[in-house]
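**Q** Need coordinates for the following:
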Amino acid sequence: MEAATEAWIREFEEGWRRPAGPDAFTDHFEPILDPEVRLVQPQVPTAVGRRAFRELFARPVFTLIPDLHAEVHEWAVRGDVAYVEFTLRGTLGGRPIAWRAVDRLTLREGLLVERRSFFDPGPLLVAVLTRPRAWPRFVRAQLVRLRARRS
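**A** Okay, the predicted model is just below:
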């Protein structure tokens, strides 16, 4: 059981290493996601399902920060649950941005059934507010999320 969870974490690392936009990112992850995966994180409504992963998570995130990637620092596994500590990095409004997060990953039969992300959204929100060059991307990201929710 733990071996399958460790293999999933290696896929997590690979998927976040150098994603080439929202479609390549989600194409990498979808085969290892449960069809009804639940994605929970600060400041965003819970997303449920693979389509929501693509439309409500990946598209808005990569619209806001197109070069976003992550570096995994540490992880721990116990049965079907893993905790992964990592730093997300990218460019927002022409300047670098980075923040640390911890994801609690629950797997069943090798597929992710729930991801709960824990991070302080404050620095990201302050960066958006204080970087006028980021405002158009922020608005586009919100419109992407709103359109996806309506359809």
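
**Q** CA atoms for contacts and neighbours, from now on please.
**A** Noted.

**Q** Contacts only, for Glu71.
**A** Glu71 is in contact with 13, 16-17, 86-88, counting by C-alpha atoms under 8 Å, 6 or more residues apart in numbering.

**Q** I'd like those residues as a markdown table, with neighbour count, secondary structure and distance to Pro31 appended.
**A** Shown next, in a markdown table, are the contacts of Glu71 (neighbours: other C-alpha atoms under 10 Å; DSSP: H, G, I helix; E, B strand; the rest coil; distance: C-alpha to C-alpha, whole Å):
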| residue | neighbour count | secondary structure | distance to Pro31 |
| --- | --- | --- | --- |
| Glu13 | 18 | helix | 15 |
| Trp16 | 19 | helix | 15 |
| Arg17 | 15 | helix | 17 |
| Phe86 | 19 | strand | 22 |
| Thr87 | 14 | strand | 24 |
| Leu88 | 16 | strand | 23 |
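
**Q** Need the residues you listed in CSV (columns: pLDDT and distance to Pro121).
**A** Below are the contacts of Glu71 laid out as CSV (pLDDT from 0 to 100; distance: C-alpha to C-alpha, whole Å):
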residue, pLDDT, distance to Pro121
Glu13, 94, 22
Trp16, 96, 19
Arg17, 92, 21
Phe86, 97, 15
Thr87, 97, 13
Leu88, 96, 12
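
**Q** Okay, helices next: where are they in this structure?
**A** 2-17, 22-29, 50-52, 59-64, 122-130, 135-150 (DSSP state H).

**Q** which other helices and strands contact the fourth one?
**A** Taking 3 or more C-alpha pairs under 8 Å, 6 or more residues apart in numbering; DSSP states H and E as the contact definition, the neighbouring helices and strands of helix 59-64 are helix 22-29, helix 135-150.

**Q** For the closest residue to Phe138 other than its chain neighbours, the count of nearby residues, please.
**A** Closest residue to Phe138 apart from its sequence neighbours, by C-alpha to C-alpha, 6 or more residues apart in numbering: Leu64 at 5.5 Å. Neighbour count for Leu64, taken as other C-alpha atoms under 10 Å: 24.
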